[in-house]
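Trainee: Got a predicted structure here, sequence first:
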Amino acid sequence: MNTYVLLKRTFDTEETIQLSNGKINEEGAEFIINPYDEYAVEEAIQVRDVQGGEVTVVSVGNEEAEKQLRTALAMGADQAVLINSEEDIENGDQYTTAKIIAEYLKDKAADLIIAGNVAIDSGSGQVGPRVAEMLGIPAITTITNLEIDGSRVTVVRDIEGDSETIEASLPLLVTAQQGLNEPRYPSLPGIMKAKKKPLEELELDDIDLDEDDIEPKTKTIEVFLPPKKEAGKVLTGEMNEQVSELVQLLRSEAKVI
């Protein structure tokens, strides 16, 4: 079973985010594995432990992503691939990333590809399905359970207010939703082993791509932080007085009635 995991290096949203010249200021920012991708890594390891084979973690980015790939290796992945696009991509989008990954995977005979449902920085959820479309394989998103029997796969996927069960066949791409599993923490022996596991670094030339092939389909016009919330107001007095004041505030300040 050849299982590939798509991993993204993202900034930690629990940290304070600063903007500079319309872009996120990465200096001093804390970066982590995209949390949804952690579910993907964990699921791939569990599949390998039952089905056999290898888990390969793939990331597109710069050399800084090596830290997150090493973390995935410490969790239990077998090998990692970093496609270094720093010098070739200045304003790439989800199409750009998907095109690079699909070109890398096209001759890898992947049985199962697992991606995170969304990335917490962009939240588009496009890369996984785009990769599946480019490879010509089925895709099932937001899965919360995965069972494999030979070439048959049964998944439960999260839908608004409910869930649904879908059967498919390998090769298949799925995206991991919260609740699929509980990602493990890298152990000390795992961290030590990760230092010796293979981490291959490729350039776009190595996968026969040039800048024209990965030209983005979208353009970011502006990046901005949400407006700062004003302090709330506590109403006092008798209940009828509070209701009267609330109605007045909704009409004059909030302007919702």
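Mentor: Alright, I've got the coordinates.
Trainee: For this protein, give me the ranges with low pLDDT.
Mentor: 22, 86-90 (pLDDT under 70).
Trainee: Tell me how it divides into domains.
Mentor: Under the assignment automatic domain parsing, the domains of the chain span 2-214, 227-257.
Trainee: Just the endpoints, please. Distance across the first one?
Mentor: The first and final residues of domain 2-214 sit 26 Å from each other (Cα to Cα, to the nearest Å).
Trainee: doesn't Ala65 make contact with Leu199?
Mentor: No: at 10.2 Å, Leu199 does not count as touching Ala65 under the criterion of Cβ atoms under 8 Å. From N, CA and C alone the C-beta is placed, and that goes for glycine too.
Trainee: What count of nearby residues applies to Val55?
Mentor: 27 (other Cβ atoms under 10 Å).
Trainee: Which residues does it form beta bridges with?
Mentor: Thr3 (DSSP bridges).
Trainee: before we move on, what about Phe11?
Mentor: Under the criterion used (DSSP bridges), Phe11 bridges to Phe31.
Trainee: Find the residues that touch each one of Leu199 and Ala65.
Mentor: Overlap of the contact sets of Leu199 and Ala65 (by Cβ atoms under 8 Å, 6 or more residues apart in numbering) consists of Leu82.
Trainee: In terms of neighbours, single out the busier of these two.
Mentor: Ala65 (22 against 16).
Trainee: give the contact list for the closest residue to the more buried one other than its chain neighbours.
Mentor: Excluding its sequence neighbours, the residue lying closest to Ala65 (Cβ to Cβ, 6 or more residues apart in numbering) is Arg9, at 4.3 Å. By Cβ under 8 Å, 6+ apart, Arg9 lies in contact with Phe31, Ile32, Ile33, Asn34, Ser59, Gly61, Glu64, Ala65, Lys67, Gln68.
Trainee: Identify, from those residues, the entry nearest to Leu250.
Mentor: Asn34 (39.4 Å; Cβ to Cβ).
Trainee: Tell me which stretches of the stretch 51-200 of the chain form helices.
Mentor: 66-75, 94-105, 127-135, 188-194 (DSSP state H, counting those that start in this stretch).
Trainee: and Asp213, which of those helices is closest to it?
Mentor: helix 94-105 (6.5 Å).
Trainee: Show me what the closest one is packed up against.
Mentor: Contacts defined by 3 or more Cβ pairs under 8 Å, 6 or more residues apart in numbering; DSSP states H and E place helix 94-105 against strand 54-61, strand 79-84, helix 127-135.
Trainee: Give me whichever of those is most buried.
Mentor: Across those, the average number of neighbours (mean count of other Cβ atoms under 10 Å) peaks for strand 54-61, which reaches a mean of 24.
Trainee: How about residues contacting that one?
Mentor: Counting by Cβ under 8 Å, 6+ apart, 1-9, 41, 44-45, 47-48, 65, 68-69, 72-73, 76-86, 97, 100-101, 104-105 sit against strand 54-61.
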